[in-house]
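Enquirer: How does the following fold in three dimensions:
(one chain, ligands or ions: 1)
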Amino acid sequence: MSKRVSLTQYLVEQQRLHGRIPQELRLLIEVVARACKRIAISVNKGALGDVLGSAGTDNVQGEVQKKLDIIANEELIGANEWGGHLAAMASEEMEGIYLVPNRYPKGEYLLMFDPLDGSSNIDVNVSIGTIFSVFKKPEGSQGVSEQDFLQPGTQQAAAGYCVYGPQTTLVLTVGDGVVMFTLDREQGSWVQTADAVRIPEDTKEFAINMSNMRHWAPPVRRYIDECLQGKEGPRGKDFNMRWVASMVADVHRILTRGGVFMYPWDQREPAKPGKLRLLYEANPMGMLVEQAGGLATTGTQRILEVQPKLLHERVSVMLGSRNEVQRLIDLHAAS
Ligand code: P6P
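Expert: Residues are numbered from 1 along each chain as shown. The predicted structure follows:
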């Protein structure tokens with residue numbers, strides 16, 4: 001990139017030049033980005049701060065909460081509740097929605113997030129991240145309720161994540177393609193380092209937890225088997241495998257160099273559609289991937305068209321390079 005611009009300048013241009021985002025949405029994104037900077041500071045402290053290990057509590061998902069899960073959640077709530085741009089928030093770490101307190105003005109936006117995804121990697125110093133999704137409150141909705149959050153991903157006004165890795169990088173879409181900002185720690189500011197991100201349509205890299213192979217549905221099993229047969233098999237090429245067990249890290253790799261990420265339904269808990277959550281994991285990542293030219297499917301349905309019924313609903317996820325995801329869609333259709 002010739003001239004580096006700041007996140008603020010990018011957002012002001014999206015607002016002023018392109019009329020794509022209103023002022024309240026610009027403020028919302030800037031506030032979330034500022035909260036991510038503060039989360040990055042806590043994450044980077046590691047053993048030097050009192051931030052590692054378990055908090056000794058379980059979240060609404062019945063998962064052990066890490067101290068950083070709670071710190072990140074509190075950062076996002078505290079940063080966003082007073083600005084007047086939000087009506088309410090929802091988080092993986094909270095059972096119900098969080099209404100903006102009456103002492104603050106309320107806005108028209110709904111923010112939902114996984115404050116720190118990939119928590120199992122925190123204590124072993126592997127990349128983790130914050131994932132967020134923004135909707136407008138439905139027109140004519142009086143007050144705000146959980147029902148207002150149950151919108152299909154196509155209705156998202158913005159989506160993004162912040163990956164806390166070797167670099168701290170904010171990846172964002174407001175519906176005008178995908179852009180990336182790297183945290184300049186000396187300035188304390190987000191500097192644009194990628195524009196118009198495109199996922200290569202083909203790939204030789206898949207990401208899935210292979211230990212679940214015996215539990216997968218036949219189309220997923222067949223797809224992976226064909227990849228593993230390599231040059232001698234029907235794909236005529238060798239594949240490589242990656243699995244970080246941190247969705248943000250795996251998706252960031254795919255946005256950067258292509259690939260396909262899969263966390264499909266499996267028969268371990270047949271009643272559960274999948275492991276990942278629709279509203280604050282699959283939807284925002286699905287919007288980013290589609291905005292970068294990729295596909296995001298449950299296997300049988302475009303993820304962004306799934307109509308949520310529950311705030312913490314789970315979904316089967318396959319996303320990434322267009323031609324590979326299309327192959328998965330075709331295998332599901334043929335099964
Ligand atoms: P497994 C992290 O807990 C997460 O929600 C995603 O970030 C990640 O892709 C997946 O779960 C890892 O799951 O079963 O491989 O540990």
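Enquirer: Now the host helix or strand of residue 89: buried residues?
Expert: Here residue 89, judged by DSSP states H and E, is contained in strand 86-91. The neighbour-count check on strand 86-91 (16 or more other C-beta atoms under 10 Å) flags 86, 87, 88, 89, 90, 91 as buried. Just so you know, the C-beta spots here come from the backbone N, C-alpha and C atoms, and that holds for glycine as well.
Enquirer: any idea how far the ligand is from the fourth one?
Expert: For residue 89, the distance to the ligand (C-beta to the nearest ligand atom, to the nearest Å) stands at 19 Å.
Enquirer: Just confirm that residue contacts residue 115, I think it does.
Expert: No: with contacts counted by C-beta atoms under 8 Å, residue 89 stays clear of residue 115, the gap being 10.3 Å.
Enquirer: Give me the residues contacting the helix or strand harbouring residue 330.
Expert: Under the criterion of DSSP H and E, residue 330 resides in helix 322-334. For helix 322-334, the external contacting residues (C-beta atoms under 8 Å, 6 or more residues apart in numbering) are 199, 201-203, 206, 219-220, 222-223, 259-260, 262, 293-297, 299-300, 318-319.
Enquirer: Tell me the residue of the stretch 151-300 of the chain that sits nearest the ligand?
Expert: In the stretch 151-300 of the chain, no residue comes nearer to the ligand than residue 247, which is 3.4 Å away by C-beta to the nearest ligand atom.
Enquirer: which one is that residue nearest to, not counting chain neighbours?
Expert: residue 117 (5.6 Å; C-beta to C-beta, 6 or more residues apart in numbering).
Enquirer: ok, for residue 72, nearest residue in space, not its chain neighbours?
Expert: Residue 72's closest residue in space is residue 115 (C-beta to C-beta, 6+ apart), at 3.7 Å.
Enquirer: likewise residue 331?
Expert: For residue 331, the spatially nearest residue (C-beta to C-beta, 6+ apart) is residue 219, at 4.0 Å.
Enquirer: Please give me every residue in contact with the one you found.
Expert: 299, 328, 331, 332, 334, 335.
Enquirer: what about the second one, neighbour count?
Expert: Okay, so that is residue 328. Around residue 328 there are 24 other residues, counting by other C-beta atoms under 10 Å.
Enquirer: list the contacts for the residue of the stretch 151-300 of the chain closest to the ligand?
Expert: Applying C-beta under 8 Å, 6+ apart, the residues near residue 247 are 117, 118, 129, 131, 261, 263, 276, 281, 285.
Enquirer: could I get the residues you listed as TSV with neighbour count?
Expert: Output for the contacts of residue 247, formatted as TSV (neighbours: other C-beta atoms under 10 Å):
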residue	neighbour count
117	26
118	21
129	29
131	29
261	27
263	22
276	20
281	27
285	31
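Enquirer: near the ligand, from these?
Expert: 117, 118, 263, 276 (C-beta under 6 Å from any ligand atom).
Enquirer: Near the ligand, which residues of the stretch 151-300 of the chain are found?
Expert: 209, 245, 246, 247, 263, 275, 276.
Enquirer: ok, the first one - contacts?
Expert: Residue 209 makes contact with 243, 245, 263, according to C-beta under 8 Å, 6+ apart.
Enquirer: I'd like the residues you listed laid out as TSV, including distance to residue 166.
Expert: Shown next, in TSV, are the contacts of residue 209 (distance: C-beta to C-beta, whole Å):
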residue	distance to residue 166
243	18
245	17
263	24
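Enquirer: Can you tell me which of the residues you listed is nearest residue 75?
Expert: residue 245 (23.3 Å; C-beta to C-beta).
Enquirer: residues contacting that closest one?
Expert: 118, 120, 121, 126, 209.
Enquirer: now could you export just the CA positions of the strand or helix carrying residue 113 as PDB?
Expert: Under the criterion of DSSP H and E, residue 113 resides in strand 109-117. C-alpha atoms of strand 109-117 as PDB (Å, rounded to 0.1, in the frame of the first residue of the first chain):
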ATOM      1  CA  TYR A 109     -27.400  -0.600  16.900                       C
ATOM      2  CA  LEU A 110     -27.000  -4.100  18.400                       C
ATOM      3  CA  LEU A 111     -23.500  -5.500  19.100                       C
ATOM      4  CA  MET A 112     -22.700  -9.100  19.700                       C
ATOM      5  CA  PHE A 113     -19.300 -10.600  20.300                       C
ATOM      6  CA  ASP A 114     -17.200 -13.500  21.300                       C
ATOM      7  CA  PRO A 115     -14.900 -11.500  23.500                       C
ATOM      8  CA  LEU A 116     -12.000 -13.900  23.400                       C
ATOM      9  CA  ASP A 117     -12.300 -16.800  21.000                       C
END
